[in-house]
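Enquirer: give the three-dimensional model of this entry:
(chains A and B)
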Amino acid sequence: MDSEDEIGIDSGNSSDDEDYDFMQVDEIQRQSGNAQDPVEYPFEVLTTEEIVKHMLDCIAEVNNVVEIPATTTRILLNHFRWDKEKLMERYYDGDQEALFKAAHVINPYVKPKRESKTFRCSMMEDCDICFLKYQYTNMTGLQCGHRFCKSCWVEYLTTKIMEEGLCKSIACAAHGCDILVDDVTVMSLLTEPRVKTKYQQLITNSFVECNRLLRWCPSADCSYAVKVQYVDARPVTCKCGHVFCFECGEQWHDPVQCRLLRKWIKKCDDDSETSNWIAANTKECPKCNVTIEKDGGCNHMVCKNQHCKHDFCWVCLGSWEPHGSSWYNCNRYDEDEARAARDAQEKLRSSLARYLHYYNRYMNHMQSLKFEHKLYSSVKLKMEEMQQHNMSWIEVQFLKKAVDILCQCRQTLMCTYVFAYYLKKNNQSMIFEDNQKDLESATEKLSEYLERDITSENLADIKQKVQDKYRYCEKRRKVLLDHVHEGYDKDWWEYVE
Amino acid sequence: MSTGSPSERRLRKELMSLITTPTPGIRLDSDSISKNINEWIVEIDAAKGSLYEGQTFQLKFKFNDRYPFDSPSVTFIGQEIPEHSHIYSNGHICLSILSDDWTPALSVQTVCLSILSMLSSATKKERPPDDLIYTKTCSKDPKRTKWMYHDDTV
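Expert: Residues are numbered from 1 along each chain as shown, chains lettered A, B, ... in the order given. As a prediction, this is how the structure comes out:
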């Protein structure tokens, strides 16, 4: 395997020319980027204003082809989760009346059934909400023909928006009527700026959430959204600096795939604490495998499972019967039956032990990653200190670079444990584990260098060491990822699930 | 007559129409309202031909000042709580129009009619399967329960 050959070639050949060094580092990074993503993955980061503009463009684009009111177009697009092609296809191929009905709008080509009411123009109308009488002009309604007074409409919409947080799915206020209120009607009726703003936020939010090609940056307090041309499990970088997987929205998790990561996170959420406790405090009934907690001193166990009720000895897990009164000798200790029971128990235990093995390493890197973020501030101090020791600004940048790489390596290592947990053993998986081991030990060394005190005496020496180490780490990380990716292409990986 | 808050105004209008044009089988306990317009007690007579024929039940309506935009809280009270698969023994009712499907165009009268029709469509007198656990754990106010509507046939 050629990846093995690369181990160690990088140490000790760094140049004295600092500028050249930086170029080289950038070069390595660019190359590694290219290798990871053989095809470029184009994406755009949009501000709220750009999202709104994009939404209006989508509507206009459809309206160029389909001549229906923009308000109806918006509801239809929402219905198709902003998939223009699907809308066009259904619009021209299918039953249009059924389409409008499914999207809860009135077919705009059908004249509203309001003729019967028009003659009442001069008459007073009852509002079914406040039960007061109004002039025709003070009443309003949608194409469905249900009319209420304007102040009740405002109150109704305000309640739906402010209290229920609804936007695209506000239906007519009449009981049993599911015709949706369009955005123009909402905006023209509302007067309070607070409610209008909230409504627009909700509309934008639902646009982003419905649209497959858009995703909010999951980072806290970030209001950007990322737009892609096609959905893929690829890393995207928000303007706020957060790097995440477009497909699943989790922090970028190469080399493990979204599906397994999701499964892993769920597993960890479900049972990490519980399984720790189970491992320490329980055994399984040797007959029916139900988990048993021993809550008294007596070692004569009777399984509480109503269908089992097996009598056994807590210590040797053998059947209780032969223990009799002379149980303290546990004279049946080596009996085959008891051994078989213990073997079975062992097997169950080992699957838990296996999980805990990966879980602990995964959590450990996650924890370290959190600490490394603190490292940035301490490194910044060191960089300032070094600048007072006759080093230029550019000469001390290697430290920040080293922390960047350290974090990347930790992030990758963390995910390799998820990958490894689900991986079936074969020759390739062993190569993967070697790569993992190598990257891990190099990363730990780099971490140690950075946490060690940097004094003026060891400055030149430590710089050399740090630079060598982070280049090595970077290279090993790339080797590991390339190997896993090659495995995806060539179907090397088999999973235990 | 149009004094007071919008919710009181609307309640008074509803009151008037219940008194002037009563619906058979729906009676207002006017004593209850004389004290507080935001709490009504309404008596309903089960429909002829239904399992509950001949029985009269009491419903308590509580309105807040967001009424009719916010739904009223409606529960059965008194000695007799109808035995129905959507009515808990503490009087709470599992009916979509009382929460998710509430619209301000509904009223006391339409709610009563819906409840009567719910009673009429019952084929068996029984409590909801989770009655025991629900009544032990629920909030006093049925509006705070997150209802799941799995059966709209009864």
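
Enquirer: what's the neighbour count on the closest residue to B:His86 other than its chain neighbours?
Expert: The spatially closest residue to B:His86, leaving aside those adjacent along the chain, is B:Cys94, at 4.4 Å (C-beta to C-beta, 6 or more residues apart in numbering or on different chains). Bear in mind the C-beta positions are built from the backbone N, C-alpha and C, glycine included. B:Cys94 is flanked by 21 other residues according to other C-beta atoms under 10 Å in any protein chain shown.

Enquirer: same check, this time on A:Val396
Expert: 20.

Enquirer: and it, backbone torsions?
Expert: A:Val396 adopts backbone torsions of phi -100, psi 0, taken as degrees, to the nearest 10.

Enquirer: mind checking how far B:Ala46 is from A:Lys267?
Expert: 53 Å (C-beta to C-beta, to the nearest Å).

Enquirer: what are the ranges of the helices in the stretch 101-250 of chain A?
Expert: Secondary structure of the stretch 101-250 of chain A (DSSP state H, counting those that start in this stretch): helices at A:115-118, A:150-158, A:183-189, A:193-210.

Enquirer: over to chain B?
Expert: B:6-20, B:30-35, B:108-120, B:131-137 (DSSP state H).

Enquirer: right, so those: which one is the most enclosed?
Expert: helix B:108-120 (a mean of 19; mean count of other C-beta atoms under 10 Å in any protein chain shown).

Enquirer: helices or strands up against the helix or strand of chain B with the lowest mean pLDDT?
Expert: Sorting the helices and strands of chain B by mean pLDDT, DSSP states H and E puts helix B:30-35 at the bottom, at a mean of 78. Under the contact criterion of 3 or more C-beta pairs under 8 Å, 6 or more residues apart in numbering or on different chains; DSSP states H and E, helix B:30-35 touches strand B:39-45.

Enquirer: which positions in the strand it packs on come out as buried?
Expert: For strand B:39-45, a neighbour-count test (16 or more other C-beta atoms under 10 Å in any protein chain shown) marks B:40-42, B:44-45 as buried.

Enquirer: in the stretch 201-350 of chain A, which residue sits closest to chain B?
Expert: The stretch 201-350 of chain A approaches chain B most closely through A:Leu202 (17.8 Å), counting by C-beta to the nearest C-beta.

Enquirer: ok, that residue touching A:Glu164?
Expert: No - the criterion here is C-beta atoms under 8 Å, and A:Leu202 misses it with A:Glu164 at 10.2 Å.

Enquirer: can I get the helices of the stretch 101-250 of chain A in TSV with mean pLDDT and mean neighbour count?
Expert: What follows is the helices of the stretch 101-250 of chain A, written out as TSV (pLDDT from 0 to 100; neighbours: other C-beta atoms under 10 Å in any protein chain shown):
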stretch	mean pLDDT	mean neighbour count
helix A:115-118	48	10
helix A:150-158	93	20
helix A:183-189	91	16
helix A:193-210	90	16
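
Enquirer: thinking again about what came up before, B:Ala46 and A:Lys267 - which one has more neighbours?
Expert: Each of B:Ala46 and A:Lys267 has its neighbours counted (other C-beta under 10 Å); B:Ala46 has more, 19 against 15.

Enquirer: for the more buried one, what are phi and psi?
Expert: According to degrees, to the nearest 10, B:Ala46 has phi -60, psi 150.

Enquirer: per-residue confidence for it?
Expert: pLDDT, B:Ala46: 93.

Enquirer: what residues are up against it?
Expert: B:Ala46 makes contact with B:52-57, B:82, B:116, B:119-120, according to C-beta atoms under 8 Å, 6 or more residues apart in numbering or on different chains.

Enquirer: wait, which of those residues is closest to B:Met16?
Expert: Using C-beta to C-beta, B:Leu116 comes nearest to B:Met16 of these, at 21.6 Å.

Enquirer: the closest one and B:Thr110, how far apart?
Expert: Between B:Leu116 and B:Thr110 the computed distance is 11 Å (C-beta to C-beta).

Enquirer: ok, A:Ile265 next?
Expert: Distance, A:Ile265 to B:Thr110, using C-beta to C-beta: 47 Å.

Enquirer: cool, A:Tyr470 as well?
Expert: From A:Tyr470 across to B:Thr110, the span is 72 Å (C-beta to C-beta).

Enquirer: what's the answer for A:Asp404, then?
Expert: Distance of A:Asp404 to B:Thr110, computed by C-beta to C-beta: 65 Å.

Enquirer: repeat for A:Arg74
Expert: In this view, A:Arg74 and B:Thr110 are 32 Å apart by C-beta to C-beta.

Enquirer: now do A:Leu480
Expert: A:Leu480 is 67 Å from B:Thr110, by C-beta to C-beta.

Enquirer: I'd guessed the residue nearest to B:His86 sits against B:Cys138; true?
Expert: No - counting by C-beta under 8 Å, B:Cys94 does not reach B:Cys138; the two are 11.0 Å apart.
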